[in-house]
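Participant: Fold the stuff below for me.
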Amino acid sequence: MELNKTQVEQICKKLNEKLVRFRFLARGNHNSNYLLETTKNKYIIRIEDNQQFKNLKKEFNFLKLAKAGLGPKVLLFDNSHKIIPKDHLIEEFIIGEHPSEKNPANEFVVQMAKWFRQLHKTRKKLPEQYSLMKKVKPYYNNYLKYKNNIKDKKLKEKLGICIAKALKILEKNDAIFADRKNVSLLHNDVSKGNIFYKSGHIRLIDWEFVNYGLPEKELVYFLDSYQLKKSQQQLFLKSYGYPNTKKAKIQLNISYIILLFSSIGYSLWQLDISQKDKNKRIKRLIRDINMLEEKITHFNNREEFELKGVNIIVNESVFSPDPNKTNSSIMVLNNLPRLKGKDILDMGCGSGVIAIYCALHGARKVIAADNDERAIKNAKENVKRNNVGKIVKIIKSDLFENIKGSFDYIFGNLPISNRPGAWNLDIPTIDLLKKFVSESKNYIKKGGIVYFTWYSSPSSSISPVKRFLSKNYKFKEIKETKGNKIWYLFKVQL
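Facilitator: Predicted coordinates for the structure are as follows:
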């Protein structure tokens, strides 16, 4: 709606101030905003335009009681409709910048994390156990109701497949938040236009959707809006104090899937009520569908965890160094020599965890080699993820076939078992091990050491390994028992 001078003068009278000027400022989905300038101050006249629900009074009441610095100060709320025929409030005019969504500064990312942490400290008891299926139901209903607004048959089919797979993931993890006893205060609309940033301080406007919920909802909304680089995502979550556990990461990714459900449902609804900005909405819809597909793939085919400070993703069919599944990688990482300034070869690198750890702890140069294309791709992803691309080089190589140079330390992460047929190999694993150790002498520096792990179990003896080493080399061993296996880390001098 449009304001006239008489209406604004009456508002000024209620403020006990004198009008200088006013002008239309912006219109959102649910309100219209005017800039009011008096002889004393500048204000915003915020008029509710929403026909679906009335939230302006709730926004006013929240801001009236909110901690200083979260949002604008409010002066009055009027629902009498005597001056303006709609509910309106008067709030202070905030000065600041809307940080760019492209390449935001690290300082802003950190300050935003701290701002969220402060807001989310306000909590209340969760009235009932949180259910993912219950939460996603209204968004799924939107999909069912408006999916025919997608005219592209292939896109519609792709979305249907993604929705079905995502529902299975949510159903499987329905109780992932079952241990949550409280919900946090949320702004619920942390988009670029609502964030004002000035001199390291953050304040937000548009509190009409303020409510209580899981903090993950707001964190993934921010991550999605700003499309942060992986290093900035980690910085943001660390600055917020978000747990770096496997369960917490699942909870965050689950929250991302629900966000995408919501966004897709909203886009489909928007296409139903208006053809305005149709191409823009379809572009956003395609982007959300692709993101949902990516998240589904992540859940179905990948693990994500941290091992000794290395944050890694392990793709399907790539050996996982998870200590809950194997002791080989963690034994190496727990018994590494001094790495600073050393040249390292990680043979059979898999996900790249050992190579990355060496790079993060002072190694001069690291070559990570594997003969499996899936491992090569995964290792490259993790090298990029941990920002060690200048130190670690990934090479596809069948043992030493494509290796050049010499190294202070060589780590062998080879298939373990001396039973022929235990792995899909051309030779028994014990013969592969013998070949690895024998050929290492051509690539090890004087005084260098070769490391590798093995295990013994009721069906797999360590004796052939020890006989081979005792006959040909000087070596030391470290032994650990885990379950029905005895794990060995061998250090071999060539």
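
Participant: mind listing what's buried in the helix or strand E218 falls within?
Facilitator: Assessed by DSSP states H and E, E218 sits inside helix 215-226. By neighbour count on 16 or more other CB atoms under 10 Å, the buried set for helix 215-226 is 215-223, 226. C-beta here means a position set from N, CA and C on the backbone, and glycine is covered the same way.

Participant: tell me the contacts of the nearest residue to L414 once chain neighbours are set aside?
Facilitator: Leaving aside its chain neighbours, L414 sits nearest to G348 (5.0 Å; criterion: CB to CB, 6 or more residues apart in numbering). Neighbouring residues of G348 by CB atoms under 8 Å, 6 or more residues apart in numbering: 369-370, 412-415.

Participant: Show me what the helix holding E218 is packed against.
Facilitator: helix 106-120, strand 182-186, helix 230-240, helix 246-273 (3 or more CB pairs under 8 Å, 6 or more residues apart in numbering; DSSP states H and E).

Participant: tell me which element Q10 falls in.
Facilitator: Q10 belongs to helix 5-15, assigned by DSSP H and E.

Participant: Give me the contacts around that helix.
Facilitator: 18-19, 22, 34, 36, 38, 43, 45, 75-76, 78, 83-84, 90.

Participant: that older thread, among the contacts of G348, which one lies nearest to Q270?
Facilitator: D370 (46.9 Å; CB to CB).

Participant: okay, now that closest one: neighbour count?
Facilitator: 26 (other CB atoms under 10 Å).

Participant: Could you save the helices and strands packed on helix 215-226 as TSV and add columns showing distance to L3, mean neighbour count and mean pLDDT?
Facilitator: As requested, the helices and strands packed on helix 215-226 are exported to TSV (distance: least, CB to CB, whole Å; neighbours: other CB atoms under 10 Å; pLDDT from 0 to 100):
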stretch	distance to L3	mean neighbour count	mean pLDDT
helix 106-120	32	18	95
strand 182-186	31	19	95
helix 230-240	40	17	93
helix 246-273	27	19	91
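
Participant: Quick check: which ranges of the stretch 351-494 of the chain have low pLDDT?
Facilitator: The stretch 351-494 of the chain contains residues with pLDDT under 70 at 417-427.

Participant: Please, where are all the helices along it?
Facilitator: 353-360, 373-385, 429-440, 463-472 (DSSP state H, counting those that start in this stretch).

Participant: could these go into a markdown table alongside distance to R284?
Facilitator: A markdown table is the format used below for those (distance: least, CB to CB, whole Å):
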| stretch | distance to R284 |
| --- | --- |
| helix 353-360 | 35 |
| helix 373-385 | 27 |
| helix 429-440 | 51 |
| helix 463-472 | 58 |
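
Participant: just those: most buried one?
Facilitator: Highest mean neighbour count among these (mean count of other CB atoms under 10 Å): helix 353-360, with a mean of 27.

Participant: Which neighbouring elements make contact with that helix?
Facilitator: strand 310-314, helix 328-334, strand 343-347, strand 365-370, helix 373-385, strand 392-396.

Participant: What helices and strands are in contact with the longest one?
Facilitator: Looking back up the chat, that one is helix 373-385. strand 310-314, helix 353-360, strand 365-370, strand 392-396.

Participant: same thing with the last one?
Facilitator: In terms of contact count using 3+ CB pairs under 8 Å, 6+ apart, strand 392-396 is assigned the packing partners helix 353-360, strand 365-370, helix 373-385.
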